[in-house]
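> Dropping a prediction and its sequence here:
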Amino acid sequence: MNCENIFTKIIKKKIKSKIIYQNKKVTAFEDANPKSPIHILIVPNKIIKSINKINKKNKNIIGTMAYTAIKIAKKFNFYKQGYRIVINCNKYGGQTIPHLHMHLLGGKILGKFC
Ligand code: AMP
């Protein structure tokens, strides 16, 4: 079943957001509550609830999301400085929206995470 969530509404442009890139497979838009000067979310257009739902059939989407993140970092010139990519999973991982998403964070020196 393909349930609507806030991200599907953004993908379908049913609600306002700052989309910076979109193709047939993924959409990238600015995070509404940025945790760093650059904070972009990259999501699959088709709902996948979390990274736990990645399987043999759909695993290429992770590569597409990561490649999109790298392309954005190059385009907006923070590729050389560096950046962080994060995927939260479920409650303990801090995932609040049940639609797989990759956080692309940059624009400052980020605190050591692990
Ligand atoms: P997570 O905690 O990993 O599930 O991340 C969800 C992210 O979605 C958070 O960083 C929120 O700030 C962001 N977010 C929630 N609603 C919106 C929205 N309408 N537009 C853009 N980002 C959003």
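Cool, got the structure.
> C-alpha from now on. contacts and neighbour counts both.
Fine.
> which residues in this structure form strands?
Read by DSSP state E, the chain holds these strands, from start to end of the chain: 19-22, 26-30, 38-44, 83-86, 102-106.
> can those strands go into JSON lines with extra columns for mean neighbour count?
Formatted as JSON lines, those follow (neighbours: other CA atoms under 10 Å):
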{"stretch": "strand 19-22", "mean neighbour count": "15"}
{"stretch": "strand 26-30", "mean neighbour count": "21"}
{"stretch": "strand 38-44", "mean neighbour count": "24"}
{"stretch": "strand 83-86", "mean neighbour count": "15"}
{"stretch": "strand 102-106", "mean neighbour count": "23"}
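> How about the residues of the protein by the ligand?
Counting by CA under 6 Å from any ligand atom, the residues of the chain close to the ligand are Ser17, Glu30, Asp31, Ala32, Asn33, Asn88, Gly94, Gln95, Thr96, Ile97.
> again, 5 Å this time
Residues of the chain lying close to the ligand (CA under 5 Å from any ligand atom) are Asp31, Ala32, Asn33, Asn88, Gln95, Thr96, Ile97.
> Weed out the non-buried ones from those residues.
Neighbour-count burial (16 or more other CA atoms under 10 Å) applied to these gives Asp31, Asn88.
> The residues of the chain next to the ligand: which two are farthest apart?
For the residues of the chain next to the ligand, with distances taken as CA to CA, the pair at the greatest spread is Ala32 and Asn88 (16.6 Å).
> about what we covered before: would you mind checking which of the residues of the chain next to the ligand is nearest to Ala69?
Asp31 (13.6 Å).
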